[in-house]
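J.: Next comes the sequence, and after it the predicted model I'd like to discuss.
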Amino acid sequence: MAKKLYKSFSGPCRAIMPNGKEILFTNGRHATDSADVMAYLDQEIATGITPFYVDPAEPEEVTAEEVVADLKAQAIAEFLAANPQLQLALEQEKASAPEAAPAEEPKEETQEGRSGFQGSISTTASTGIKLGSAASNSQ
């Protein structure tokens, strides 16, 4: 369940419920999924004489990851808007890029050289990276 986000016009503050429970507003924000806290704050907001409110543009708590992703997307959009040639080049690159080929299975080769190395080497054509494991040469 998403947490409902309450805000305070007075910034950081606290509210005391009739049962004595303290509700802290850090940086003027308090997110909760507690039914009794939501009922109390909604009742206080309904009176119209408290500094608390629910922002219709942000009724639920937003995670830091969501904020960062939004800011990143906004910054990229603004950068590309300021650089139309770069945006055009990126669009052309996307249009001309071939579809991604399925990943290849690694090939296994067993090698025994003059040095007496025995083991297997795995290679992948797409990366060209060789991974090997030596077999023991105890004789």
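T.: Sure, I can see it. Residues are numbered from 1 along each chain as shown.
J.: quick one: residue 90 and residue 48, what's the gap?
T.: Applying C-beta to C-beta, to the nearest Å, one obtains 51 Å for the distance of residue 90 from residue 48. Where you see a C-beta, it was placed from the backbone N, CA and C, and this is true even at glycine.
J.: Pick out whichever of those two has more residues nearby.
T.: residue 90 (12 against 7; other C-beta atoms under 10 Å).
J.: hang on, isn't the more buried one packed against residue 79?
T.: No: contact criterion C-beta atoms under 8 Å: residue 90 and residue 79 do not qualify, at 10.9 Å.
J.: where does this structure dip in pLDDT?
T.: Applying pLDDT under 70 to the chain picks out residues 1-2, 61-67, 99-139.
J.: where do the strands sit along it?
T.: For the chain, strands defined by DSSP state E occupy the ranges 4-8, 13-16, 22-25, 29-32, 52-53, 107-112, 118-123, 130-134.
J.: what's the domain layout of the chain?
T.: Using automatic domain parsing, the domain parsing of the chain gives 4-53, 64-96.
J.: and these, which is most packed in?
T.: Across the domains of the chain, the average number of neighbours (mean count of other C-beta atoms under 10 Å) peaks for domain 4-53, which reaches a mean of 14.
J.: My understanding was that residue 37 contacts residue 16; is that so?
T.: No: between residue 37 and residue 16 there is no contact under C-beta under 8 Å: 11.7 Å.
J.: overlap in contacts of these two?
T.: Between them, residue 37 and residue 16 share these contacting residues under C-beta atoms under 8 Å, 6 or more residues apart in numbering: residue 23.
J.: Please enumerate the shared neighbours of residue 90 and residue 79.
T.: Between them, residue 90 and residue 79 share no contacting residue under C-beta under 8 Å, 6+ apart.
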